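Student: All I have is the shape, not the residue letters:
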């Protein structure tokens, strides 16, 4: 059984992409609470400051971030006993095979290249939503 709203942490430094994601989730009529941080340092501060019960259900992670890039965030999350179970969807502009292999090697749950067109972006977000928020069973955390 899934409980709504699903909590999402979006780690994204491009305000345009954040707005596209919010609009696409709204248009897809998904019950999602989205928190946004603009860089990897803030992402780790956000995650480490929360109890296990208050962690996001899913992280949408851009790779190319200021201060601490997404690859390092991915590595840090997957090394942390508290955080490692959180699914991470890499959502980035990079199509580089090296980034794809590295992301999966570090423990990403999926890798998606951002479409530049809003219609395609909305389609991708709807697919992500249908999969991660209705098909997949996410771990439920008890207060710790």
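Tutor: Good, I have the coordinates. Computed from a predicted model, the values in this text were never measured in an experiment. Numbers count the residues shown, from 1 in each chain.
Student: So what's the model's average confidence on stretch 50-70?
Tutor: Stretch 50-70 shows a mean pLDDT of 92.
Student: list the buried ones in it?
Tutor: 55-63, 65, 68-70 (16 or more other C-beta atoms under 10 Å). C-betas here are computed from N, CA, C, even on glycine.
Student: Could you tell me which of those residues belong to strands?
Tutor: Among the buried residues of stretch 50-70, DSSP state E puts 58-61 in strands.
Student: Am I right that residue 104 is in a helix?
Tutor: Yes: remark: residue 104 belongs to a helix, assigned using DSSP: H, G, I helix; E, B strand; the rest coil.
Student: Going forward, count from 314.
Tutor: Got it, first residue is 314 now, which makes that one residue 417.
Student: isn't it right next to residue 410, touching?
Tutor: No: with contact defined as C-beta atoms under 8 Å, residue 417 does not reach residue 410; the gap is 10.9 Å.
Student: So if I had to pick from those two, which one is more boxed in?
Tutor: Relative neighbour count places residue 417 above the other of residue 417 and residue 410, with 14 against 8, counting by other C-beta atoms under 10 Å.
Student: what packs against the helix or strand of the chain with the lowest mean pLDDT?
Tutor: Within the chain, no helix or strand scores below helix 431-443, which has a mean of 79 by mean pLDDT, DSSP states H and E. Counting contacts by 3 or more C-beta pairs under 8 Å, 6 or more residues apart in numbering; DSSP states H and E, helix 431-443 is packed against helix 328-340.
Student: Any chance you could list what contacts the next helix or strand after the helix it packs on?
Tutor: Going down the chain from helix 328-340, the next helix or strand is strand 345-350, by DSSP states H and E. Residues outside strand 345-350 that contact it (C-beta atoms under 8 Å, 6 or more residues apart in numbering): 318-325, 331, 334-335, 338, 356, 358-359, 369, 442, 446.
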